[in-house]
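Novice: fold the following.
(one chain, ligands or ions: 2)
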Amino acid sequence: MTNKNKCKQLRALLGSDELEFILEAHNGVSASIVERAGFKGIWASGLAMSAQFGVRDSNEASWTQIVDMLEFMSDATSIPILLDGDTGYGNFNNMRRLVKKLEQREVAGVCIEDKQFPKTNSFIDGNKQPLAGIDEFCGKIKAGKDCQSDDDFCIIARVEALIAGWGMEEALRRAEAYHDAGADGILIHSKLSRPDEILAFAREWSGRSPLVIVPTKYYSTPTGAFRKAGIDLVIWANHMLRSSIIAMEKASQEIFKSESILDVEDRIATVDHIFKLQGAEELSQAQERYLKQSNDIQSIILAASRGSELHELTTDRPKAMINIGGKTLLGRLIEGLKKAGINKSTVIAGYKADSIDLPGIEKCINEDYQLGDELQTLISAQNNFNDDMLILYSDLLFREYILRDLIETDGEIVIVVDSALDNPNISGCPDYAYCSKEDDRSPFMQDVLLTQLSSSKDALDRTPSGYWIGMMRVRKQGRQWIDAALDELKTTDNFNELKLPDLLNHIIEQGNPINVHYIDGHWLDVNSLDDIDRANDFTK
Ligand code: SPV
Ligand code: MG
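Specialist: Ligands and ions are numbered 1, 2, ... in the order given. Next comes the predicted model:
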């Protein structure tokens, strides 16, 4: 909502043929409540705003503190705010600066009263408070009008002559002068418990310009009487503050006495209610739009096997929990995932599962890990699969950019292939990847598909394109292919011998594409004691 629009709305309220109402608010949340109740405008009350700061309504809060609060109120709402601007916080020059700042904060108008700075609330010794000189006050109105940039920004002049005991004639004289000076409306104030002087003023004023009232003291007057008198705008000036004070006093006393919050719980706003007023829903929708990419990705990490080639290092823990450069392999992996924005990880444990005790992971246990191989381990986390995930081994060390680039690569299933077949870090029995194109080492992403994964260098009559590093990215449809492949493979006799490459090969056999993201080194996996030194070097 632009300020232009808010100013227009306020002007429309003042010019409306109906009697209109605005309600007090004193901070962002109360402003939002006023709007949600259906009000078409907000009275930013000086009394209520100073009270919520815990100070008196005597210009003890500075005008910039008021304007800062208005910014929260304005941001929280789409209806116009009319500021109770006291005396304009100084002379004509202060008024000019005030109007400028209010327009910048999208406040639609200001009401200034013809008293002297520092003022105090009209209901405290109102008759002893000196009034401003008429000319000086008219100058203030003119200065405000001359500097406003939006024609619809409204300046209301508040006449205090009745409260100060100067009588009806003086009130009318002042109203006339303020009207001539350019005021967009007159607020006539009264401290009497009956509306007589207000109604008399309205009669005499007889619609010369919009007329605004604050029936705090003459509250028992039926609203119809204001309608009949041709009043334009009623300000309910302090009722949000007053209702909240009673509610807060009651709750605080009860909690203090009972040393419990049980009794008040059902009578106070739920935290969900607060979230609603704060616009939490908009934020979660925005997160969907702007943060989804990496935030919703989860990882599924296979960490069930012992890694028996590591001998005594894995007597009491699985390979994932061995120490490399002062941190466990799995701890490093989780840290790397978090850096890439992947905060949710499911770790499939098996051998010495209890030793996997990292914070912030979900542990899934494959009790029968000894009976099967990787796919038998993977299915124990199948309930945790989602439409955006990584599946990876737990013994990987890799440079951060590999994960970052994989996350950005398109494809329903994308695997990372190291095209550096001479990578000295790779030992043991790597998974060779045969791909539709060789790595052209250009800085641009290539469109490459996996043809087959094999533990043999000679599986096809050509050299392999690289090693699969044991990391794959899976999106929605890819997940469906994996689920379907697992369901089919589960029924085969040799299911317990199958590994992740068998799963990927099966998916290709079913006619589904697996994309390849090439890298050139910068990773290793830990399979043997020889790898430990390399891994320690890699982490330095
Ligand atoms: C306010 O709300 O601060 C007002 C109105 O100025 S009254 O308190 O009635 O004077
Ligand atoms: Mg006030």
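Novice: what does L450 show for phi and psi?
Specialist: phi -80, psi 130 (degrees, to the nearest 10).
Novice: which ones are touching it?
Specialist: I415, V417, A433, Y434, C435, S436, L504, I508, I514, N515, V516 (C-beta atoms under 8 Å, 6 or more residues apart in numbering). Bear in mind the C-beta positions are built from the backbone N, C-alpha and C, glycine included.
Novice: same check, this time on P210
Specialist: With C-beta under 8 Å, 6+ apart, P210 has these contacts: L14, G15, D184, G185, I186, D232, L233.
Novice: narrow the residues you listed to just the buried residues.
Specialist: L14, D184, G185, I186, D232, L233 (16 or more other C-beta atoms under 10 Å).
Novice: quick check: I508 is in a strand.
Specialist: No - counting by DSSP: H, G, I helix; E, B strand; the rest coil, I508 falls outside a strand, being helix.
Novice: next, the residue lying closest to it once chain neighbours are set aside: phi, psi?
Specialist: Nearest non-adjacent residue to I508, counting by C-beta to C-beta, 6 or more residues apart in numbering: I514, 6.0 Å away. Dihedral pair for I514: phi -120, psi 120, per degrees, to the nearest 10.
Novice: what's around I514, how many residues?
Specialist: Neighbours of I514 under the rule other C-beta atoms under 10 Å: 24.
Novice: you'd agree it is up against I507?
Specialist: Yes - if you go by C-beta atoms under 8 Å, I514 and I507 touch, sitting 6.3 Å apart.
Novice: how near is the residue in the stretch 251-400 of the chain that ligand 1 sits nearest to to I300?
Specialist: Residue of the stretch 251-400 of the chain nearest ligand 1, by C-beta to the nearest ligand atom: L277 (22.4 Å). To I300, L277 is 39 Å away according to C-beta to C-beta, to the nearest Å.
Novice: also Y178?
Specialist: Per C-beta to C-beta, Y178 is found 73 Å from I300.
Novice: repeat for E265
Specialist: E265 is 40 Å from I300, by C-beta to C-beta.
Novice: more neighbours: the two, which one.
Specialist: When neighbours are counted by other C-beta under 10 Å, E265 and I300 differ, and I300 comes out ahead with 23 against 9.
Novice: what's the closest non-adjacent residue to the closest residue to ligand 2 within the stretch 151-300 of the chain?
Specialist: Proximity of the stretch 151-300 of the chain to ligand 2 (C-beta to the ion) peaks at A237, 7.5 Å away. Counting by C-beta to C-beta, 6+ apart, V214 is the residue found nearest to A237 once chain neighbours are left out, at 4.8 Å.
Novice: also D180?
Specialist: In space, D180 is closest to C138, 7.5 Å off (C-beta to C-beta, 6+ apart).
Novice: picking up where we left off before, now the common contact residues for I514 and I507.
Specialist: With contacts defined as C-beta under 8 Å, 6+ apart, the residues shared by I514 and I507 are I413.
Novice: now do the helices in the stretch 251-400 of the chain.
Specialist: Applying DSSP state H, counting those that start in this stretch to the stretch 251-400 of the chain gives helices spanning 262-265, 271-278, 280-290, 292-295, 329-339, 374-378, 400-408.
Novice: L524 belongs to a strand, doesn't it?
Specialist: Yes - L524: assigned to a strand according to three-state DSSP.
Novice: go ahead and confirm it touches Y393.
Specialist: No - in this structure, L524 is not within contact of Y393 by C-beta under 8 Å, at 11.6 Å.
Novice: hang on, the earlier thing: next step: the contacts of L450 restricted to strands.
Specialist: In strands, defined here by DSSP state E, the members of the contacts of L450 are I415, V417, A433, Y434, C435, N515, V516.
Novice: taking these together, which two end up most distant?
Specialist: Across those, the longest distance by C-beta to C-beta is 14.2 Å; it joins Y434 and N515.
Novice: touching, D530 and N425? I think so.
Specialist: No - assessed by C-beta under 8 Å, D530 is found out of contact with N425, at 10.4 Å.
Novice: which one of the two is surrounded by more residues?
Specialist: Neighbours per residue (other C-beta under 10 Å) separate D530 from N425, with N425 holding more: 17 against 12.
Novice: ligand 1 contacts on this structure?
Specialist: S45, G46, L47, D57, D84, N121, S122, V214, T216, A237, N238 (C-beta under 6 Å from any ligand atom).
Novice: could you check how far the residue nearest to D180 is from F92?
Specialist: Using C-beta to C-beta, we find C138 at a distance of 10 Å from F92.
Novice: and those two? which has more neighbours close in?
Specialist: For the pair C138 and F92, the greater number of neighbours falls to C138 (22 against 18), based on other C-beta under 10 Å.
Novice: name the helices or strands packed onto the helix or strand harbouring that one?
Specialist: Using DSSP states H and E, C138 falls within helix 134-147. Helix 134-147 sits against helix 92-104, strand 109-113, strand 154-159, helix 167-181, with contacts defined as 3 or more C-beta pairs under 8 Å, 6 or more residues apart in numbering; DSSP states H and E.
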